[in-house]
Structure formats: C-alpha cells, structure tokens
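>>> What follows is a predicted protein model with its sequence.
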Amino acid sequence: MNILICCADPSDKKLVAFASRSFPDSTATEFIADTAFSRSIKKKASGAFIYFDANLGMDRVLELASKLDDIDDCGWGVLDREGVSEDPAACFFAGASDYVGPTLFKAGFGPGRLDQAIAYRGFPDDADTEDADADFPDDSGNEETFPGWAGLEEGADVPVRFCYAAIGGQKDLLERIGEKRLHKLREDFAVFLESWAKECGGLVWIRESSGCLVLFPPRDEGMNPILAAFRLLLDRALVGYEIFKLEVPLNFRFAFHAGRTMWRKPGATGSVVSEDVNLVFHLGMKAAGDGYILATADAEKVIPACLRDLFSGAGDFEGRSLIASRKFKE
C-alpha cells in the first residue's frame, strides 16, 4: 500500500525521519504539500493510506480529509507529533483510522502497526501479534488455549479479560426520564450488550442494577473489545436515539482489566470468589467515569495499536496502576 504524508513542507526533516523508521522499504512513501493536495488527490489517493500533519491545524486537516469521501479504498490518519489536537476523537468522528501522538511519533511504528490502522474499520485477521494476541501462561509457564465458553469446566480457574460496562449519568437520566424509563433502559442496555460482546467473542456474565460485567477471551476472537468500546463511545448519540429511543443524550462508562476467575455459567455466578472480579466491579463503580475508557495496566497490552496514543497514566486504584483514554467531548 502506498503511503502519502500531507504536510506544509514535504522536506520536513522530522516527518522524513518518522517515515524512514516507521514504514518498510517495500512501502512507497510520498510527501505532498497541503496546497497541492486537492489537485492530485484523485490520482494518488485511491488504494493509499494518507497521514495528515496535525501542524497544519486540525481545522485544515479535517477540511482536507473531507475530500477523501468519494475516493475508493482510501484510509487516513493524523500525525500529531506535538500533541496540538485537543480532541483526537474528533478525527475518528470524521472518519480517521489512526491517530499518532507524540510518543508513537518519536518511537516510530513497530511490526504490524500500519496493518492495525488499515484494519481499524474491519475485523482484523490478526490482532496485534506483538501484544494483544499473547496467551496467558499457566502456573507451569505453558500457554493456555481458550476452548470457548461452552468448553470451560465448571469451577475451573480461567484467564479472561473483564469489562465493566454501564450507562453513564444515571442520576441525571433519572431526573430527565423518570425511574420507570431508566429501569427499562438498564434492562435494554444489558440485552444490547449481549450482541455487542458477541462481536468480540464475549458474553455478559453478571448483571447488576447499575451495570454489567462482561467477559472476553484472553485473546481477540473477532473485534478487539477496547476498540468496540471506543466505537460505542463515538456512536453514543446515534445509539441512544436509534437503539434506545432516547430524546436525551446518552453516555457510557467502561472499565477493563485482565486476570483470572472461577468459571460459572451466566446466571449461576453467586458462588464466584475472585480478587479480579471484585477489582473490576470496584473499578467500574468507583473509579471509571462517563465518556472514556479506564483500564488497569494488566489490560494495557490489549489496547489496539491505533488507539494507544489516546491513553495515558491515570494514577493507582487498590494497588493497581491505571491508564485512561482521553475523555470524549460532547
């Protein structure tokens, strides 16, 4: 795939250095001035991935990116080497498939990184082979193979990824839509999560009045769950209106953790005792906030490469280091 880098100065040394350390020799990388972009886009963009330099200004980046709407087989992202974008999520709202912040820009792409950006809008055949697909070792140091939920033995100690998912702003919703509609909304949300989790090979494991605990396999089987949460946050206004028939804004909160638990089928989890289960419930109820994704350091390795620059340290909670995505603006 051809790579185009649109910027003010095609000879910019920092951009040239980034390209040389990030893209394989077999990839054709071309620099193009933003002033010449419109004239050459139809000829060059089809079948290419385009990175816009955020130093052009985000308004200019979004203006140029809008010209790609009618181009087939074309993806785009943003190179934000100085962190000038106050709201990177706006790029994804506009159709971006990648955002490269200061840390990743300085380090350059690792193996498979570009493939992650290209696969953002689909279901990757291979998730991040360097990190996200790593199996959890058992006590003997051997890798465990996930047999599927139906193949798990009752009472077995299994490695999983946890996600606490809930509707955000429930106190405000109670005032605006009333207790009866809020109760129905919580029930409908739990049902919605069943199909949402299934796209990632997961299932809704425990339902509570305020939120749900969702389990995912230790490695991706379908869409990456953090990517799925990211997309749901981006689409929350549309989801609220089309799925839940709400005339008021809807938001979500997500907390992720990776660990182990005793396996019981959904509906029979009353006897489950697990430090990790307790942690993720506490994390979701006490530490997570509306409009962003919170995760423990244990779950960091499963964040898709195209989203990693949107996460940063968020302190500690119950002895665990946390990371959080930037909050999504309304």
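Thanks, I have the structure now.

>>> Please go through the chain and pick out the longest helix.
helix 170-198 (DSSP state H).

>>> what's the spacing between residue 146 and residue 215?
Look at residue 146 and residue 215: by CB to CB, to the nearest Å, they are 11 Å apart. For every residue, glycine as well, the C-beta is placed using N, CA and C.

>>> Correction: the previous question concerned residue 77.
From residue 77 to residue 215 the distance is 31 Å (CB to CB).

>>> circling back: who's more crowded, residue 146 and residue 215?
residue 215 (23 against 18; other CB atoms under 10 Å).

>>> Check which helices and strands the helix or strand that contains the more buried one sits against.
Element membership of residue 215, judged by DSSP states H and E, is strand 211-216. If contacts are counted by 3 or more CB pairs under 8 Å, 6 or more residues apart in numbering; DSSP states H and E, strand 211-216 sits against strand 157-167, helix 170-198, strand 203-207, helix 275-282.

>>> how about the protein, which residue sits the furthest from its center?
When distances are taken from the C-alpha mean of the chain, residue 39 lies farthest, 34.2 Å away, according to CA atoms, centre = their mean.

>>> thinking again about what came up before, pairing partners for the strand holding residue 215, with directions?
Strand pairing for strand 211-216, using DSSP bridges, gives strand 157-167 (antiparallel), strand 203-207 (antiparallel).

>>> quick one: that strand to helix 275-282, angle?
140 degrees (axes from the mean of the first three to the mean of the last three CA atoms, to 10 degrees).

>>> okay, the angle between strand 211-216 and helix 170-198?
Going by the same axes, to 10 degrees, strand 211-216 makes 20 degrees with helix 170-198.

>>> Could you identify the helix or strand that succeeds strand 211-216?
helix 225-234.

>>> Please enumerate residues in contact with the very next helix or strand once past that following helix?
Using DSSP H and E, the helix or strand that follows helix 225-234 in sequence is helix 236-242. The contact list for helix 236-242 (CB atoms under 8 Å, 6 or more residues apart in numbering) reads 232, 246-252.

>>> In helices, which of those fall?
residue 232.

>>> can you pick the most crowded of the contacts of helix 236-242?
residue 252 (23 neighbours).

>>> In this structure it contacts residue 292, no?
No. Counting by CB atoms under 8 Å, residue 252 stays clear of residue 292, with 9.5 Å between them.

>>> Need the residues touching each of these two.
residue 233.

>>> what about the helices in the stretch 51-200 of the chain?
For the stretch 51-200 of the chain, the helices defined by DSSP state H, counting those that start in this stretch cover 58-65, 89-93, 102-107, 113-118, 170-198.

>>> Can you lay out these as CSV showing distance to residue 16 and mean pLDDT?
Formatted as CSV, these follow (distance: least, CB to CB, whole Å; pLDDT from 0 to 100):
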stretch, distance to residue 16, mean pLDDT
helix 58-65, 19, 92
helix 89-93, 23, 79
helix 102-107, 13, 87
helix 113-118, 17, 75
helix 170-198, 42, 93
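
>>> Need the contact partners of stretch 48-67.
1-8, 12, 15, 34, 37-38, 41, 68, 74-82, 84-85, 90-91, 94-98, 100, 114, 117-118.

>>> scratch that, stretch 173-184
In contact with stretch 173-184 (CB under 8 Å, 6+ apart) are residues 167, 170, 185, 246, 248.

>>> Nearest to residue 259, out of the strands paired with strand 211-216?
Closest to residue 259 of the strands paired with strand 211-216 is strand 157-167 (CB to CB; 6.7 Å).

>>> how near is residue 262 to residue 188?
Counting by CB to CB, the gap from residue 262 to residue 188 is 29 Å.

>>> Just put the helices of the stretch 51-200 of the chain in CSV and tack on mean neighbour count.
Putting these into CSV (neighbours: other CB atoms under 10 Å) gives the following:
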stretch, mean neighbour count
helix 58-65, 18
helix 89-93, 20
helix 102-107, 16
helix 113-118, 20
helix 170-198, 15
